[in-house]
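> Using only what follows, build the 3D model:
(3 chains)
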Amino acid sequence: MLPFVVSIEPGKSPYRQIVYAATKAVVSGELGPGAPFPSVRELSQALKINPNTAQKVVAELVRDGLLEVYPGVGTVVTSKRRASASERRALLSSDVEALLVDAKRLGLTRDDVVGAIDARWTDLFGKEG
Amino acid sequence: MNWVGQVGHVSAKDIRYVRWPILALLAALGMGTSSFLTRNAFGPLVSTGASSTTVTLAMSEATVTWLPLVIVVVGILAIASLVQADRPLQADSFWTTLPLAPSAVVVAKLLLAIVVITTPSLVAAAIVLTRLHTPSGVVLALLMHAALVHLLLLLSTIIVAAVTEDLKGFVTGAVVLFGCLIIAMTGIDELLSHGIDLPAGIAFLAAVAALVVLTVLYRGRRSGNRQRVIGLAAALLAIIGATAVPRFQISSVPMRATGPMLSLKFGAPGQTSMQLPFVVRVNDTSMARFAFARERTVIHGERGAVSLTPLHDTIVVGRQFPDIGRPIAWLNPPFDYPALGQLAISPADLRAVEQRATSAELSGVVSVLRPRILTTLPLRVGAFAEHDGRYVSIYGVSHDSNRVSVYVQLVSPPLIERRPPQRVIANFSRGEAMLLNEHPSAGTGSGWIVLPWISVASSFDQFATDTRMSVPQDGSWYAGASLIAVDWIPTERYNTSATMRLR
Amino acid sequence: MNAIEVSHVSYHYGRVTALRDVELTVPEGALYALLGPNGSGKTTLLQILMGLRRAASGRATVLGVDAAHFSTADRSRIGYVAEGQVLPGWMRISELEAYLAPLYQTWDSRLARELSDRFALDPARRIRALSRGERMKLGLLCALAPRPKALIMDEPFTGMDALVKDDLVRGLLASSGAEGCTILLCSHDIGELELLADWFGFMDRGAVRLSAPMDQVREQFVRVDLTLPDDRSLGAVPAEWMSVETAGRRMGFVVRAESQNAARHMVQTRLGETADVQLREASLREVFVALASHLATPSPAEAA
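Next up is the predicted model:
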């Protein structure tokens, strides 16, 4: 059982999918600062992936500054920094791209898209900003 | 784990795997041995019915026939299932990918065959033979022969098991092998009937070939029809080799340069021109008898010499009454029948003989036989003794005013240089003895001692006094009498030839 | 350093050629998935690597040793699990472990116990009473406990239900990978291997058609979905487009290219800038199907 949600779909590199899911979990606060992160072994076992792949995932997350490795203790979510707004925005970039491509295919304009987003936001979250 | 360790490791597992068949084998051996040791195996078999008791003059078939077969079959099945547990020729066979040397596996199976199957059988046979006081040279010869035959058979079993899939396949392979064997044996019998013996070297060649084929099979790890054919051929050779294993019993009778001469006198022709009797006498007055084993007969005539087809007979001439170690008066009438031989002429040689033959020359080997007492038993039913490899037992005694009869059983493994002994009834305090005639046997039988290649023969015989003899009338004579069995043992041999005139 | 090397290996069953000029290398520490349809020669190749068959020509080495000449020391470093392996049915599981352990200097009883628990194998049970899945688990346990440097597995997941496959994969992951054990396993089904393997090989009709790191396979095999513009007709389908499917003006296929961008460029060159093209990494299953049904003539393995 992993402390964050990930489901690996065919068609995309599993490594990138896991990095993406872990990054999202950390940035959104699902995985709080200082929370323990699964070891390479646990990651490999839980997702039934090659340990080398799991190793690459952890290495990438460490490189991005999301995780810290303490020898003897294990891997934990970094408590040092909070992701900046632009970094968080960047996480959505592929979703945004998918949305825009679909909109274009349906023949919608930019205003249509923005209006649709506004309406849906209000439905889900009310008038908060 | 080093090689020796591997052999031990595989052997230990194998023993665990076949422990029940092994126990069954040991139980069968125990049963067989104790049956011999208690003499139940020898017979006669007494079965008590509701109204009568039946006595069958035979050895116990269960012990001398069935048990040895069971012992061999159980041993074969145990080895076969053992070999198939680590089948060498199945490409994904479990053990072929383990760090085990194929040679270690083969040796472990062979070791088990030798130590756990053959050796206990030989020990059991040795116990029985020793109980009969068989001479140690004979025991050794019999055991060596049996060991080699048994091991060749087990080698053959291992090969057939190695090239077949399971026990069912093994049995099929064994049946096929048996069929080929029958075909091969008819061919071999042809040779044997022409006097050609299978050389003993075939046995050793077969053993070496079997071991080589086994090694190649285990190392090649291939399975296929080619391997099966090669395996069956090697197995067949091993079994044929088993029939050629030499007996190892060596005659220890020394050969001399000369000995007492034989004289031959031609008699009148008999019913047909084929029966041409002649009398044999020996120029000797000692206690010995002389057994003339004829090898060559040459007819000399005006036209030259013709060698007759060999007739390997033996004519015994010489002293009739044995020396039983002390002065004794023989109650038998004087013996006046000379030793007779037949100059038998086959149709092929008849023409040559009729061409005015003048003399016949017989040549061969004479064995000098001297008497030696085998056993002395009190003259009563149930008396028995075991000596010099034989079991002698009295199963009947009867006497009336005209005649005395003794019924004696003799059981013996194959012993060269031993013919059936003479029987004498003697009363030593009276200083009188009677030499008995042998009558047609009441029952002969043969069987095996533990293994089917150590045979044992039994005969139940009646010995009686000559009807012209006057026998002692008072019972006290018989109460104090003994039955003596006397062997005539060859002590030396010499080549000889003798000539007789035909006209 | 390559843990497994196969060079110009051929093998025949009578007149049937099972392997023709096979080339394969497995780097040390890799988990190599060799896929191929039934009858493509995978089992024969693995048997040659285990020294169970002798190649008619060529050379196969494992851990630097020629497979035809393994010593017992070599065999103690190589594990083997095969579908349908004949384990001694008369033994109990504990007896089998007791029999095997002394044959290996590196037998790890703690690992054996851990796997035994994980696989729920009761040591007192007789092997003949085990189901197929349990037998495969036991086979894997016996192959892993000696901590081999190389592990060769022939169709370990075939015919196993999902629970057993799950156990096998977790058992495999629990004891290998991190210690530099090289694993070569073959299968005719992708299943678990998509995420497990870091090298991928494809065999078909006795030859290796593809052998590459998994990342590279993912990058290079692209699934293309496009809509043909009205005014363009395609003409002949290019030979490199595999598993081509069409429905109306929609068309999908798998193609091998240096990268997704290169693939996009290639498609747009043929069909024009206006073609509506969607690209993604092909799944391993799609790669498998594409290679299997591709009608190219047999060729030596593509360079990794």
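> where exactly do the helices run in chain B?
Using DSSP state H, the helices of chain B run over residues B:3-17, B:19-37, B:61, B:67-85, B:102-112, B:119-131, B:136-162, B:167-193, B:201-220, B:225-243, B:347-354, B:475-479.
> Run a quick neighbour tally on the residue in the stretch 151-300 of chain C positioned nearest to chain A.
Going by Cβ to the nearest Cβ, chain A is nearest to residue C:283 of the stretch 151-300 of chain C, at 3.3 Å. Just so you know, the C-beta spots here come from the backbone N, C-alpha and C atoms, and that holds for glycine as well. When neighbours are counted by other Cβ atoms under 10 Å in any protein chain shown, residue C:283 registers 19.
> Please report the distance of it from chain B.
Look at residue C:283 and chain B: by Cβ to the nearest Cβ, to the nearest Å, they are 32 Å apart.
> out of the helices of chain B, nearest to residue C:278?
helix B:201-220 (56.8 Å; Cβ to Cβ).
> How about exporting the closest one as CSV, limited to the C-alpha atoms?
Extracted as CSV, the C-alpha positions of helix B:201-220 are listed here (Å, rounded to 0.1, in the frame of the first residue of the first chain):
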residue,chain,number,x,y,z
GLY,B,201,35.5,-62.6,-22.0
ILE,B,202,32.0,-61.7,-23.2
ALA,B,203,30.9,-61.2,-19.6
PHE,B,204,33.6,-58.7,-18.9
LEU,B,205,33.1,-57.1,-22.3
ALA,B,206,29.4,-56.8,-21.6
ALA,B,207,30.1,-55.2,-18.2
VAL,B,208,32.5,-52.6,-19.7
ALA,B,209,30.2,-51.8,-22.5
ALA,B,210,27.3,-51.4,-20.1
LEU,B,211,29.3,-48.9,-18.0
VAL,B,212,30.5,-47.0,-21.0
VAL,B,213,26.9,-46.7,-22.4
LEU,B,214,25.6,-45.6,-19.0
THR,B,215,28.2,-42.9,-18.7
VAL,B,216,27.5,-41.7,-22.3
LEU,B,217,23.8,-41.6,-21.6
TYR,B,218,24.1,-39.7,-18.4
ARG,B,219,26.4,-37.1,-19.8
GLY,B,220,24.7,-36.7,-23.1
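> Nearest residue to the residue in chain A that chain C sits nearest to in space, please, no chain neighbours.
Per Cβ to the nearest Cβ, residue A:10 is where chain A lies closest to chain C, at 3.3 Å. Leaving aside its chain neighbours, residue A:10 sits nearest to residue C:283 (3.3 Å; criterion: Cβ to Cβ, 6 or more residues apart in numbering or on different chains).
> Who are the contact partners of the nearest residue to residue B:77 once chain neighbours are set aside?
The shortest distance from residue B:77 to any residue other than its chain neighbours is 6.5 Å, reached at residue B:21 (Cβ to Cβ, 6+ apart). By Cβ atoms under 8 Å, 6 or more residues apart in numbering or on different chains, the contact list for residue B:21 reads B:74, B:77-78, B:81.
> now residue C:62
Residue C:62 sits next to C:3-4, C:49-50, C:70, C:74, C:78, C:150, C:152 when contact means Cβ under 8 Å, 6+ apart.
> Could you list which of the residues you listed belong to helices?
Those of these lying in helices (DSSP H): C:49, C:74.
> which residue packs closest to residue B:371, ignoring adjacent ones?
Using Cβ to Cβ, 6+ apart, the closest residue to residue B:371 is residue B:322 (3.8 Å).
> If you rank every helix and strand of chain A by mean pLDDT, what lands last?
In chain A, no helix or strand scores lower on mean pLDDT, DSSP states H and E than helix A:85-91, which sits at a mean of 75.
> Can you tell me which of the contacts of residue B:21 is closest to chain A?
Using Cβ to the nearest Cβ, residue B:81 is the member of the contacts of residue B:21 that sits closest to chain A, with 42.2 Å.
> That closest one and residue B:18 touch, don't they?
Yes. In this structure, residue B:81 is within contact of residue B:18 by Cβ atoms under 8 Å, at 6.6 Å.
> Neighbour count: those two, which is higher?
For residue B:81 versus residue B:18, the count of surrounding residues by other Cβ under 10 Å is larger for residue B:18: 22 against 18.
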